[in-house]
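Novice: structure of the sequence below:
(3 chains)
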Amino acid sequence: MITENTERINTATTILTRKEKEDSTTKKVIRVFCKNRIAFVSFIVLLIIIFSCLLAPLIAQYDPLEGEITDRLLVIGSEGHILGTDEQGRDMLTRILYGGRLSLLAGIVPVLIAGFIGSFLGIVAGYFGGILNTIIMRTLDIFYAFPAILLAIGISAALGQGINNIIIAISIVFIPPVARIAESAVKGVREEEFIEAAKSSGARNFSIIRYHIIMNVFSRLFVYCTTQISISLVLASGLSFLGLGVSPPNPEWGIMLNNLKQQIFINPLLTIIPGLFIFITALAINLVSDGLRDALEIKE
Amino acid sequence: MAGFILKRCLLMIPTLLGVTVIVFLMLQIVPGDPVNSLLSPDATEEDRQRIEQELGLDKSLVVQYFSWIGNTLQGDFGRSIIKQLAVNDLLFDALGNTFILAFGAAVFAFSLSLIIGVYSAYHPKSWIASLGNIIGLTGVSIPNFWAALILIGIFSVMLGWLPSAGMKGIGGGGISDTITHLILPAIAVGMTTLGVMTRMIRSSVVDLLQKDFIITLQAKGAGTFIILMHVLKNCTPTILTVAGLQVGYLIGGSVLVETVFSWPGVGQLIYQGISQRDFPIIQAGVLVISILFVLINLIVDILHAVVDPRIRQA
Amino acid sequence: MGVILEAVELKKTFPIKGWLGKTKGAVSAVHDVSFSLKEQSTIGIVGESGCGKSTLARLIMRLIEPDQGKVLFRGKDILTLSGAELQSVRKKIQMVFQNPYSSINPKLTIIDNVAFSLWENGVSKQEARKKANYYLEAVGLPRSYATRYPSSLSGGQRQRVAIARALVLEPEIIIADEAVSALDKSVQAQVLNLLQELKTEFSLSLVFISHDLNVVEYISDEVMVMYLGKVVEKGIANQIYETPNHPYTRALLNSVPSMEVGVSTLNNSPITGELPSPMNPPSGCRFRTRCPHAIEQCSNMYPPEIEIRTGQKVSCILYESSSREKVLL
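Specialist: Numbering: from 1, shown residues only, chains lettered A, B, ... in the order given. Okay, here's the model as predicted:
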């Protein structure tokens, strides 16, 4: 009797391929992503920028902190200084490479921190509901009530200067939105029948969250967090621009823009360079995250 | 309807309280001792205690919070450490200027995004649609303080068309003068919103145009204008929500742009506060704008409910 | 064969919360429902959507706590158990859910979906997967499917996975809550046959819930008909199908299109009216608002259960007089 059924299954409809083992989801996502040319090119550009900055000590020829005053404000394409020099005579390219490290750091780390903490809070609030949910979400709502920049300014001004404080401030700013997404995603999954089935087998809540909930909310959270990276980058540069981040003479794209701000009347092209890098990096990140989102959605 | 408004207002109160608590806590985590800066080097322990008492720092945190709130509600934001002026004088002037800037940016962003967004939805292959795509993409990636610099670079330095700083010209006054000064900053502040809204309006309209009831209208021979009205009516709730969220961004975003243009708004005050380590100003600025942000969100919520009756049921 | 499961006067009402948690009303989902399931037999529970069958299923499994009543598993009231005892009884009663597309975790492999319940109950993952393989085979899925993901399986195959998952804890009772309703007719037959085979192979007792009368007739030994949270009739399956007593049961059976050539079912009395809101069920007999035979007394009190024949019970005022035969009709 059982074998009859097996044969029936084998001859029945389904459109399955001959493969015995299915491709894991990650491989599928990567494949779809790479087919998207814009996303792929952006990804390569991003890699180039990141690696150049990481390898700054090897690539850069000059000292990022000190320069020859006599060489100040050389134009782009000057001999020996391909991107010119800043108002203190420091080589622009060198400072861009070194500065990129801090800018990128300040872009990625807060998202990682907020991603973990926010997801944890959101999942707990979404899964357990009730009073716990109310406490967590209402508290986070208060932070949500601030415009992001102002909250970041307020916190980092209070904490003091330094890139660590910007990172902390931006992390705090990002935790509520991540938690909201996590909470609503979990609420959506929580009512599914397979969760009921898991509960009826007597599994502990922790296991249910680990095996059934997290995997089903992960892609949504991941895509959201990647879109936040570019915002974090711009926000961090903005805070540095205001003077809250690194202190001179350390390079960082935002503070470099502030230093050069006055020079716009003398040499407008030069002053725009640090911002150009912020822009291109943010753009590349956005295109990559768009591509990722499309790849993950297609798979769903 | 009235019940809905009342409910929303009531819900807003704990949020406002929470905002004040957080701003108060920000003031508390400032490292360093505010008393030290007011003491002379050879002050005694008694002097120290006296000043602490004056500033109310010897009382518990909760009491300090309430007295701070009490003062704030009466319009007394304390004294800026550096400028011995009452903060509130500086603040309210600046607030008005920031509003003007945010309003200008909103007008720019909302009207342009509406036009480009709707047009792109109707004519997806046109150059305007491509422009819309580019705007959408750049808008969300561009740092507005950099956009400000570029605008100055092009229109003030290279072309000399528009002024690059301040709100009024020398010896100036008058609306048209303010407007010329407003153009570049407003564009800089509004760029991101322009990008977000264009994208969103375009996709909403595209979605809606494919809906069956619109196609039915077309089949019945309704004119383009009538269909457009239907489309807009249906899009309005979503657009309104996003627009409302953007308003907060516009106000907050003006902080950075004001510093580039030396626009005398709250952002400029905060910037000066940062460079001078003047915390009362910073926190006062943050507090006031955040409270206004909450109020504006409330108004947007109510407007949304007026436009879309379904919200009222929730 | 003794009685393996008995529900005694189960009652469950869901309050409706208004503003600020105030209770605005209540949905009487299940009211005074009792039945008994004999070992290795199948009871079919049938009724319209909203009659409380799914709530009943969850009450029996104690996924929801009843307000009143008892659930006796082999004589022991499971509502009084807790901890390890409750857990061991839980394993004995398992459920197969309705929607094959949402009852299996799309992010876990088939084998893990089935093995999860087992490794959560103390068995090692390796052992659990071995057993899961065994049951996947038992439901007719080839070995190669084990490492696949649910998205590449059809509805019928997914239900087989759901059945395997229910079997892996080696229960004695399986509750199938609309387990075939979401499947194509041809696949329904396959899955129903599978259930029959498994029932014999693993000595299971089955509670089969459905709104589809044909399916229930096919698979059940006894049948219980529910309406708006109450039991209207119950008894041996073919007796009820041949001679339905309750007006609701009659109307239900009459509304089923007949496959027989030459038999017209168009003129039989259809059920009129709309299903009343479960928040405000009609007083007395809940069916009276749609019953063609309703009389005034029907609104006074819910008619008590009367045993018409051995094993066949009905709750209708028409059968209340001392004679055991029908009065009207």
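
Novice: centre-most residue in the chain?
Specialist: Let's take chain A. Nearest to the mean C-alpha position of chain A, by C-alpha atoms, centre = their mean, lies A:I229 at 2.4 Å.

Novice: you looked at the wrong chain, it should be chain B
Specialist: B:I251 (1.3 Å).

Novice: isn't that one right up against A:P147?
Specialist: Yes: using C-beta atoms under 8 Å, B:I251 is in contact with A:P147, at 6.1 Å. Just so you know, the C-beta spots here come from the backbone N, C-alpha and C atoms, and that holds for glycine as well.

Novice: hang on, the earlier thing: was I right to think the residue nearest to the centre of chain A contacts A:V109?
Specialist: No: in this structure, A:I229 is not within contact of A:V109 by C-beta under 8 Å, at 10.0 Å.

Novice: who's in contact with the residue of the stretch 51-200 of chain B found nearest chain C?
Specialist: Using C-beta to the nearest C-beta, the single residue of the stretch 51-200 of chain B nearest to chain C is B:I69, 26.8 Å away. The contact partners of B:I69, by C-beta atoms under 8 Å, 6 or more residues apart in numbering or on different chains, come to B:20, B:24.

Novice: for chain A, see how far away it is.
Specialist: Taking C-beta to the nearest C-beta, to the nearest Å as the measure, B:I69 falls 15 Å from chain A.

Novice: for that residue, give its distance to B:V21.
Specialist: 9 Å (C-beta to C-beta, to the nearest Å).

Novice: and C:L192, helix, strand or coil?
Specialist: Classification of C:L192 by DSSP: H, G, I helix; E, B strand; the rest coil places it in helix.

Novice: out of everything not next to it in sequence, what's closest to it?
Specialist: Once flanking residues are discounted, C:L192 sits nearest to C:I219: 5.7 Å by C-beta to C-beta, 6 or more residues apart in numbering or on different chains.

Novice: next, count neighbours for that neighbour.
Specialist: For C:I219, the neighbour count with other C-beta atoms under 10 Å in any protein chain shown is 20.

Novice: got it, and C:S205?
Specialist: The local packing of C:S205 (other C-beta under 10 Å) involves 24 other residues.

Novice: secondary structure element holding the residue nearest to the centre of chain B?
Specialist: helix B:224-261 (DSSP states H and E).

Novice: counting by contacts, list what that helix packs against.
Specialist: In this structure, helix B:224-261 packs against helix A:148-159, helix A:214-241, helix B:87-122, helix B:144-151, helix B:175-209, helix B:212-219, helix B:266-275, helix B:279-307, with contacts taken as 3 or more C-beta pairs under 8 Å, 6 or more residues apart in numbering or on different chains; DSSP states H and E.

Novice: 7 Å instead, please
Specialist: helix A:148-159, helix B:87-122, helix B:144-151, helix B:175-209, helix B:212-219, helix B:266-275, helix B:279-307 (3 or more C-beta pairs under 7 Å, 6 or more residues apart in numbering or on different chains; DSSP states H and E).

Novice: show me what the last one is packed up against.
Specialist: Judged by 3+ C-beta pairs under 7 Å, 6+ apart, the packing partners of helix B:279-307 are helix A:148-159, helix B:2-28, helix B:87-122, helix B:224-261, helix B:266-275, helix B:309-313.

Novice: residues in contact with the nearest residue to A:L140 once chain neighbours are set aside?
Specialist: The shortest distance from A:L140 to any non-neighbouring residue, by C-beta to C-beta, 6+ apart, is to A:P176 (4.0 Å). Contacts of A:P176 were listed using C-beta atoms under 7 Å, 6 or more residues apart in numbering or on different chains, and they are A:140, A:143-144.

Novice: ok, those vs C:G44, which is closest?
Specialist: A:L140 (49.1 Å; C-beta to C-beta).

Novice: surely that closest one is in a helix?
Specialist: Yes: assignment of A:L140 by three-state DSSP places it within a helix.

Novice: how about it, what does it touch?
Specialist: A:L140 sits in contact with A:175-176, A:179, where contact means C-beta under 7 Å, 6+ apart.
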